[in-house]
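J.: Dropping a prediction and its sequence here:
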Amino acid sequence: MVVELAKLGFRVCRKRVRGLMREMGIWAIYLKLRLSENRENHQIYRYLLNHFKVEEPGQVWAADITYIPMREGFMYLAAILD
């Protein structure tokens, strides 16, 4: 924000911009990780491949899906690993 304001001819420091943004209720949109939060009644699954030796392609697959917050909603990201 400071760089963009400097391009427009305004000279402000980052602390001033941060204070003004806080006062106006403006903040960056990014995913805030909450990986260590415990959930009540959350099932814990054991890792089943501890003693499994993977020797060829196609033997083990993994998939994951998540969402990425966007300015206008969100989008999904899916990954499948072989």
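T.: Here it is on my side, so go on. Numbering: from 1, shown residues only.

J.: Please make it C-alpha for all contacts and neighbour counts, starting now.
T.: Will do.

J.: Identify the residues contacting Met75.
T.: Met75 sits next to Tyr67, Ile68, Pro69 when contact means Cα atoms under 8 Å, 6 or more residues apart in numbering.

J.: Wasn't it part of a helix?
T.: No - per DSSP: H, G, I helix; E, B strand; the rest coil, Met75 lies outside any helix segment and is strand.

J.: Read off the pLDDT value for the residue nearest the centre of the chain.
T.: Nearest to the mean C-alpha position of the chain, counting by Cα atoms, centre = their mean, stands Leu31 at 3.6 Å. At Leu31, the model reports a pLDDT of 73.

J.: just checking, it touches Tyr67?
T.: No - between Leu31 and Tyr67 there is no contact, the gap being 9.5 Å when judged by Cα atoms under 8 Å.

J.: related to what we said a few turns ago, what about the residue nearest to the centre of the chain, distance to Arg18?
T.: As for Leu31, its distance to Arg18 is 19 Å (criterion: Cα to Cα, to the nearest Å).

J.: do the same with Lys53
T.: For Lys53 relative to Arg18 (Cα to Cα), the value is 52 Å.

J.: more neighbours, those two?
T.: Taking other Cα atoms under 10 Å, Lys53 and Arg18 do not tie; Arg18 has more neighbours (15 against 9).

J.: now that one, what's its secondary structure?
T.: Classification of Arg18 by three-state DSSP places it in helix.

J.: tell me the contacts of the residue nearest to Ala78 when sequence neighbours are not counted?
T.: Nearest residue to Ala78 in three dimensions, chain neighbours excluded: Ile65, at 4.3 Å (Cα to Cα, 6 or more residues apart in numbering). Ile65 makes contacts with Tyr76, Leu77, Ala78, Ala79, as judged by Cα under 8 Å, 6+ apart.

J.: Buried only: go through those residues for me.
T.: Using 16 or more other Cα atoms under 10 Å as the burial test, these include no buried residue.

J.: Taking those residues, tell me the two that lie furthest apart.
T.: Tyr76 and Ala79 (10.1 Å; Cα to Cα).

J.: Report whether Asp64 is found in a helix, as I expect.
T.: No - Asp64 is assigned strand when assessed by three-state DSSP, not a helix.
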